[in-house]
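Asker: Task: produce atomic coordinates for the following.
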Amino acid sequence: MKTVNVVSFSALLLSGLSLMILGARIWSAPDVFAHDLGVARLSAEAIASLALSHGGALLSLGLFAIGAAFLSSTARWIALATVLLVGLVAWFTVWPFAGAGGLYAPALKTLLLADGLAFIAVTVTRDADRAAPKPTDAEFHFRWG
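Answerer: Numbering: from 1, shown residues only. Now for the predicted structure:
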């Protein structure tokens with residue numbers, strides 16, 4: 001198996017599983033999630049709505065990553081870029097990483113860093129697995145008169 005395929009497949013599969021575990025943990029314990037984010041003073045309905053939206057987003061992104069892991073190498077590369085982009089958008093808009101304690105902020109920061117490193121590795125090695133042209137291939141590229 002090519003290096004690009006191994007790196008992109010494993011990065012998407014592990015990211016998807018991690019995101020699904022975090023989403024399931026949020027859905028199973030919304031009060032712990034609210035406490036970790038520092039919004040425990042909200043009403044029970046608001047906490048349930050917050051946990052439903054955040055857990056659903058993480059679960060759907062995890063399903064997307066796992067599904068994309070079984071596609072072609074170019075589709076995996078695009079999916080890895082998409083997961084990385086969503087992580088960056090979440091970093092600056094949705095998730096209050098500075099004030100969040102507990103499990104979620106360090107886990108999502110580590111996941112974002114791992115996805116970034118995997119995306120860089122896949123981008124760098126994308127053409128590394130291709131065979132170099134042979135000196136005897138010149139006759140196919142040029143017509144000597």
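Asker: surely Ser73 meets Val6?
Answerer: No: contact criterion CB atoms under 8 Å: Ser73 and Val6 do not qualify, at 10.2 Å. Where you see a C-beta, it was placed from the backbone N, CA and C, and this is true even at glycine.
Asker: So if I had to pick from those two, which one is more boxed in?
Answerer: Ser73 (16 against 12; other CB atoms under 10 Å).
Asker: residues contacting that one?
Answerer: For Ser73, the contact set (CB atoms under 8 Å, 6 or more residues apart in numbering) comprises Lys2, Val4, Asn5, Ser8.
Asker: which one of those has the most neighbours?
Answerer: Ser8 leads the contacts of Ser73 on contacts (other CB under 10 Å) with 29 neighbours.
Asker: Could you work out the end-to-end span of stretch 61-78 for me?
Answerer: Taking CA to CA, to the nearest Å, stretch 61-78 runs 14 Å from one end to the other.
Asker: and that stretch, which residues are buried?
Answerer: Using 16 or more other CB atoms under 10 Å as the test for burial, stretch 61-78 gives Leu61, Gly62, Phe64, Ala65, Ile66, Ala68, Ala69, Ser73, Arg76, Trp77.
Asker: Secondary structure element holding the spatially most central residue of the chain?
Answerer: The chain has Val83 as the residue nearest its centroid, 3.7 Å off, counting by CA atoms, centre = their mean. Assigned by DSSP states H and E, Val83 belongs to helix 73-92.
Asker: Which helix or strand lies directly C-terminal to that helix?
Answerer: By DSSP H and E, the next helix or strand past helix 73-92 is helix 104-125.
Asker: Go ahead and confirm Ala90 touches Leu108.
Answerer: Yes: applying CB under 8 Å, one finds Ala90 in contact with Leu108, separated by 7.4 Å.
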